[in-house]
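**Q** A predicted structure for the sequence below; I have some questions about it.
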Amino acid sequence: MQAQTGEHGVLGRLFKLREKNTTVRTEVIAGFTTFIALAYIMFVNPNILADAGIPKEAAIASTIWIAALSTMVMGVFANYPVAMAPGMGLNAFFAYYVCGVLGLHWTVALGAVFFSGIFFLILTISHIRQAIIGAVPTNLRRAIGVGIGLFIAFVGLKGTGLIISDPATFITLGHVTQPTTALALFGLVFTAGLMARGVQGAILLGIIVTTIISMAFGISAAPHGVADIISTSLPHMGETFAKLDIAGAWDYGIFSIIFTFTVVELFDNMGTLIGLTSKAKMVKSNGEIENLDRALTTDACGTIISSVFGTSTVTSYIESAAGIAAGGKTGLTAVTVAILFIVSLLFAPLIGLVPGVATAPSLVLVGALMMSEVGKIEFQDFTDGLPAFLTIIMMPLTSSIANGFAFGFISYSIVKTLGGKAREVSLIMWLVSIAFIINLFLRS
């Protein structure tokens, strides 16, 4: 009866349940399914942001609040069964390159996120994004995803201690007998086993089990009372809210950083939305995707707000496919996810106790999942294969997604031209390549 009431009542009209041939019950179950698959971000993202110098409690609050808010808007405004949260890859770029390698303060990095959100919103409203996406060759798009996956996995392997620095070879195998490394290796194998068996929420379960073992053996702090597990005093963003340094980002002249945030978000989000909307049967016969402009606008605004809250760029999450597979077809699925994120704020003290050694394996596994596109890259044609290879290899080896973009775009334009295929290089590709060349010289 409740499902029927929802179909014809306020929820039914708002989310077009009857038109989509779904029910309130189905959508809520789908929402729970997506949340379980995505909940790991509440543990992983704060640890990454903490490495950038952001206070962890504020990082937990900003991560959960931006995920809840942006997912809620995606559900109500775009009517998409898609959840949003700070993106993997972009958070690593934020922490380990912008704040780590470049040494910028996290407030300046947030300023760059703000500018990228404004830029992405302009591209969305003006429809220029379609021209940019269309100008980038399919091979490079696929290589970008693979390269980011390797970069994330590299960060995760360093976090587990499985790879360490070496003066002779730069990196080498770590000491697997070290308690933290051995525990991380267990977490990696345990979670991989769950994923191999198709267990829903495998990454989340892996983090939980590894954390419990870490606490049991005294590797990390354990809760000493109820206050360390659940709190009626919600975590706040006081230390990060509106702390972005817009002037600092502007004065630094960080074109490549803003460009990287924007381009990664552009392609990652577009690719994710295309895949998810196809799975949810939201693509019309003419190829048009329902409410795509609303979804992209939500994403751009979410990025702007994320910089104000104090976290890295938000994006649509492929884990939403779990909820769609469970029957989710409308924004009610996303609204359910948003509500569950808000409820999880009560458990912020427990989230804060999760050690980095428990979340590092998840980065390796997410990186592995992102490697699936490598088989679709056409390496047979050298003029396509070399740029794709450079895009992929330069991201982890230079600890920079931006460098991967630069070498990929530049080499594509030059090699195609030298190979007598200049007509395959669009004006936009040349303009972007020239911009990257100028930026590389300015940084040298």
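**A** Done, it's in.

**Q** may I see the buried residues of the longest helix along the chain?
**A** Ranked by residue count and defined by DSSP state H, the top helix of the chain is helix 255-279. For helix 255-279, burial by neighbour count (16 or more other Cβ atoms under 10 Å) applies to 255-273, 276-277, 279. C-beta here means a position set from N, CA and C on the backbone, and glycine is covered the same way.

**Q** which SSE is T172 in?
**A** When elements are assigned from DSSP states H and E, T172 belongs to strand 170-173.

**Q** can you tell me which helices and strands that strand packs against?
**A** When contacts are defined as 3 or more Cβ pairs under 8 Å, 6 or more residues apart in numbering; DSSP states H and E, strand 170-173 sits against strand 163-166.

**Q** the strand or helix carrying I434: which residues count as buried?
**A** Element membership of I434, judged by DSSP H and E, is helix 427-443. Buried positions in helix 427-443, judged by neighbour count with 16+ other Cβ under 10 Å: M429, W430, V432, S433, A435, F436, N439.

**Q** tell me the angle that helix makes with helix 255-279.
**A** On the basis of axes from the mean of the first three to the mean of the last three Cα atoms, to 10 degrees, helix 427-443 is oriented at 140 degrees to helix 255-279.

**Q** list every C-alpha atom in helix 427-443, with coordinates, as CSV.
**A** Taking C-alpha atoms only, helix 427-443 is exported to CSV below (Å, rounded to 0.1, in the frame of the first residue of the first chain):
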residue,chain,number,x,y,z
LEU,A,427,42.0,23.3,-33.5
ILE,A,428,40.9,22.8,-29.9
MET,A,429,43.5,20.1,-29.4
TRP,A,430,46.2,22.4,-30.8
LEU,A,431,45.1,25.3,-28.6
VAL,A,432,45.1,23.0,-25.5
SER,A,433,48.5,21.5,-26.5
ILE,A,434,50.1,25.0,-26.9
ALA,A,435,48.7,26.0,-23.6
PHE,A,436,50.3,23.0,-22.0
ILE,A,437,53.6,23.7,-23.7
ILE,A,438,53.6,27.2,-22.4
ASN,A,439,52.8,26.0,-18.9
LEU,A,440,55.6,23.4,-18.9
PHE,A,441,58.1,26.1,-19.9
LEU,A,442,56.8,28.5,-17.2
ARG,A,443,57.2,25.8,-14.6
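
**Q** pLDDT averaged over it - what is it?
**A** Here helix 427-443 scores 80 as its mean pLDDT.

**Q** how about stretch 194-202?
**A** On average, stretch 194-202 scores 86.

**Q** one more: stretch 128-145?
**A** 77.

**Q** pull the distance from it to the chain's centre.
**A** 18 Å (Cα atoms, centre = their mean, to the nearest Å).

**Q** and for the nearest residue to V101 once chain neighbours are set aside, the neighbour number?
**A** Spatial nearest neighbour of V101, chain neighbours left out: S399 (5.8 Å); criterion: Cβ to Cβ, 6 or more residues apart in numbering. By the criterion of other Cβ atoms under 10 Å, S399 has 18 neighbours.

**Q** so S399 sits against F151, correct?
**A** Yes. Assessed by Cβ atoms under 8 Å, S399 is found in contact with F151 at 7.4 Å.

**Q** and the residue lying closest to M84 once chain neighbours are set aside, how far is that from A300?
**A** Counting by Cβ to Cβ, 6+ apart, S70 is the residue found nearest to M84 once chain neighbours are left out, at 4.1 Å. Counting by Cβ to Cβ, to the nearest Å, the separation of S70 from A300 is 10 Å.

**Q** which ones are touching the residue nearest the centre of the chain?
**A** Closest residue to the average C-alpha location of the chain: G87 at 1.8 Å, with Cα atoms, centre = their mean. G87 sits next to V264, E265, D268, S312, T313, V314, T315, Y317 when contact means Cβ atoms under 8 Å, 6 or more residues apart in numbering.

**Q** mind putting these into CSV with pLDDT?
**A** Formatted as CSV, the contacts of G87 follow (pLDDT from 0 to 100):
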residue, pLDDT
V264, 71
E265, 74
D268, 69
S312, 92
T313, 91
V314, 93
T315, 90
Y317, 87
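
**Q** just name the closest of those residues to V155, please.
**A** S312 (13.3 Å; Cβ to Cβ).

**Q** can you give me every residue that contacts the closest one?
**A** 45, 48-49, 86-87, 90-91, 93-95, 109, 113, 306.
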